[in-house]
Structures are given as structure tokens and as C-alpha cells.
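*Asks:* Here is my input, please return the structure:
(4 chains)
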Number of protein chains: 2
Amino acid sequence: MKEKLTIGKLAQKANVGVETVRFYERKGLIKQPSKQGGFRHYPEDYISRIKFIKRSQELGFTLNETSELLELKLDSSAKCSDVLERTQAKIDEVNEKIEDLKKMKKSLKRLAVCCEDTDVSLSECPILDHF
Amino acid sequence: MKEKLTIGKLAQKANVGVETVRFYERKGLIKQPSKQGGFRHYPEDYISRIKFIKRSQELGFTLNETSELLELKLDSSAKCSDVLERTQAKIDEVNEKIEDLKKMKKSLKRLAVCCEDTDVSLSECPILDHF
DNA sequence: CTTGACCCTGTACTATGGTACGGGGTATAA
DNA sequence: TTATACCCCGTACCATAGTACAGGGTCAAG
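*Replies:* This next block holds a predicted model:
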């Protein structure tokens, strides 16, 4: 049950490329595992660690931010509120983007409506004026 | 009132660096203005153009996509239907981005809710396990 | 004992969106 | 007139997040 994985197996199980695993190691997101005869041998929990990194990225965290999250995980004095704070900051970021996109959509729609009236010259419905 | 701006003044008014203005010119996002004695002299409307580029980027558009957005205005020789088509495509893009961000927000919120007791030490906090 | 699949390190390269720097030219004010 | 601030072009460099490749080493099967 305590099977160790080569980098290729790990990459495959975590759904990333071999180079990506080595890249994460260089970046300090995962620590170098023990080596047998020059080959990296990973315990299975590296799979979830890499999946965590990927998931975190999907949620909009950069690798550096993900790194911080992973460090919090290892910091025994870290409080739930630390992670919550970062999560809330991301939510705020996301909200802002959504609001801005909605404004942009409105502008684009105005532009579209304006262009539907083929008698109106384009110079009279410039997208720049709507921002 | 028809004041022309040097690159430095323009950059300052648009809240970007001088190098950024030249970079946008190289990328074709703004066209080279007239030059007086080897110096670029910009009409004031370049300010809003650059601000538009910045805004568009914040909304998740790449410079290439932003370029396309800007062409919606400037390509005055294009047929209205042509512009309309591209505008609709951009609206679809924006909608997709909004949907993606909403999904992200949902996931982040689920994380936040599961961790309301902020004094709990992280080792007992479920937030990271749910990533 | 050789072949092929995998592994190693190190470096270079991709794209995106800038930023910095070297080595000059110019414009304005004291 | 000379100091200073600004401008020019071209090239190199930065971060982000990988990806590719060169030139080796290792291991397990046949």
C-alpha cells in the first residue's frame, strides 16, 4: 500500500507533464523526494499535492499564491482565518472582474444595437466612447 | 484646447509608463503619431485609447483581443454587418468569461463558508482539504 | 548484453506584457 | 553656454507558467 512512484507515474496520476513536476520542484511548490539510484521516488501523497496546485490555479491563484497556501498548511500556528482571508480577497477580485465585464458587455451591446441601424455611420458609434 | 502631448505627458495622463506607450505602438495597438523634430506628438484622444487598452486588459482580454476590440471602432470602411458580427463574437467571449468567473466564485465561496470558525487551528480546518 | 523506455541535469525556448538600459539627440531655462 | 530634463532607437532583461531538447545515465525484458 505504501507504493512509491517514479516521476512519470506521478505526473500521469496527477494529470500533468513530467516537466511540470520538475518545474514545481524548482519553484519550491513540492519538495524533492528521496532518490533511489538517482531516480526520484514519490510517496503517493504527492498526487494530491499536485492536484491541489492545479485546483488552486483553476480558482485563480498564481503559483506564488498557491505556494503561500501550501506553506500555511504546514504552519501549525496558522489559523483558518488566514486562509479565509486570502479566499475572501480572491472572491473580491473575482467580483470586481465580473462587474467590469458586465459593463463591457453593456457597451458592446450598445455598439451592436447601433450597428444594426445600417444607416448610421460607424464613426457615430465608437466603442471607445462607451467607456 | 487642441494641445498635443509628448510621449511623457501622454504616459502620465494615461497612467502608464513611457515604455508601455512605445510598446503598444510596436504592437500596433496605437498608431504612430506625427513627429515634430523627431519627437512624437499625440492628440489628446490617445489618452482614452490607452486607458481603454488598460481597462480591457483588466477584464481579461489579451492585447491581441484588445486590438480586435479597438478595430471595431476604427475600421470605418468595414461593413456594418462585419462589425456587428465581431461585436457579437466579443459579447459571447465576455459572457464566457463571466460564466467562468462565476464558477470560480462559487467554488471560493464554498471554501469560505466551510471555515467560519476563525480561531480553529489550520490543522483542524477543512478548507484546504476541499480545494 | 543489448534494446528501449524511462530517468537525470542543465539550458534554451515559447508567449504575454511589459521594464530597463546603453548611447545618443533635443529643448528649454538660468 | 551648459545643465537638466526630456526624447530617440534598439536590444536585453524581468516574471509567469510552463515546454523542449541535448547529452547523458539506469533498469527490466528478451
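*Asks:* Determine whether any part of the longest helix along chain A lies close to DNA strand D.
*Replies:* Among the segments of chain A that qualify as a helix by DSSP state H, the longest is helix A:80-116. No: against DNA strand D, helix A:80-116 shows no contacts by Cβ under 7 Å from any atom of the strand, the least distance being 12.9 Å. Just so you know, the C-beta spots here come from the backbone N, C-alpha and C atoms, and that holds for glycine as well.
*Asks:* That helix near chain B anywhere?
*Replies:* Yes: judged by Cβ under 8 Å from any Cβ of the partner chain, helix A:80-116 comes into contact with chain B at A:80-84, A:87-88, A:90-91, A:94-95, A:97-98, A:100-102, A:104-105, A:108-109, A:111-112, A:115-116.
*Asks:* and chain A, which of its residues are near DNA strand C?
*Replies:* Counting by Cβ under 7 Å from any atom of the strand, the positions of chain A adjacent to DNA strand C are A:6-9, A:18, A:22, A:35, A:38-40.
*Asks:* Now, those that are in strands?
*Replies:* Judged by DSSP state E, strands contain the following of the residues of chain A next to DNA strand C: A:35, A:39-40.
*Asks:* Let's have those residues in TSV, adding neighbour count and pLDDT.
*Replies:* Formatted as TSV, these follow (neighbours: other Cβ atoms under 10 Å in any protein chain shown; pLDDT from 0 to 100):
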residue	neighbour count	pLDDT
A:35	9	94
A:39	12	96
A:40	19	97
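*Asks:* Those: which ones sit near DNA strand D?
*Replies:* Counting by Cβ under 7 Å from any atom of the strand, the members of those near DNA strand D are residue A:39.
*Asks:* DNA strand C: which of the ones in strands among the residues of chain A next to DNA strand C is nearest?
*Replies:* Checking these against DNA strand C by Cβ to the nearest atom of the strand gives residue A:40 as the nearest, at 3.3 Å.
*Asks:* Name the nearest residue to the closest residue to DNA strand C within chain A, sequence neighbours excluded.
*Replies:* Per Cβ to the nearest atom of the strand, residue A:8 is where chain A lies closest to DNA strand C, at 2.5 Å. Of all residues not flanking residue A:8 in the chain, residue A:18 sits nearest, at 5.8 Å (Cβ to Cβ, 6 or more residues apart in numbering or on different chains).
*Asks:* Sketch out the low-pLDDT regions of chain A for me.
*Replies:* Applying pLDDT under 70 to chain A picks out residues A:1-2, A:74, A:76-78, A:114-131.
*Asks:* At the geometric centre of chain A, which residue do we find?
*Replies:* residue A:57 (1.6 Å; Cα atoms, centre = their mean).
*Asks:* what helix or strand is that residue on?
*Replies:* helix A:45-58 (DSSP states H and E).
*Asks:* so that helix versus helix B:80-113, what angle?
*Replies:* Relative orientation of helix A:45-58 and helix B:80-113, computed by axes from the mean of the first three to the mean of the last three Cα atoms, to 10 degrees: 130 degrees.
*Asks:* and helix A:45-58, does that touch chain B?
*Replies:* Yes: Helix A:45-58 comes into contact with chain B (Cβ under 8 Å from any Cβ), by way of A:52, A:55-56, A:58.
*Asks:* Dump the C-alpha coordinates for that helix into PDB.
*Replies:* Below are the C-alpha coordinates for helix A:45-58, written out as PDB (Å, rounded to 0.1, in the frame of the first residue of the first chain):
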ATOM      1  CA  ASP A  45       0.500  12.000  -1.200                       C
ATOM      2  CA  TYR A  46       2.400  14.000  -3.800                       C
ATOM      3  CA  ILE A  47      -0.500  13.200  -6.100                       C
ATOM      4  CA  SER A  48      -3.000  15.200  -4.000                       C
ATOM      5  CA  ARG A  49      -0.400  18.000  -3.500                       C
ATOM      6  CA  ILE A  50       0.000  18.500  -7.300                       C
ATOM      7  CA  LYS A  51      -3.800  18.200  -7.800                       C
ATOM      8  CA  PHE A  52      -4.100  20.900  -5.100                       C
ATOM      9  CA  ILE A  53      -1.800  23.200  -7.000                       C
ATOM     10  CA  LYS A  54      -3.800  22.600 -10.200                       C
ATOM     11  CA  ARG A  55      -7.100  23.200  -8.400                       C
ATOM     12  CA  SER A  56      -5.800  26.300  -6.800                       C
ATOM     13  CA  GLN A  57      -4.800  27.700 -10.200                       C
ATOM     14  CA  GLU A  58      -8.200  27.000 -11.500                       C
END
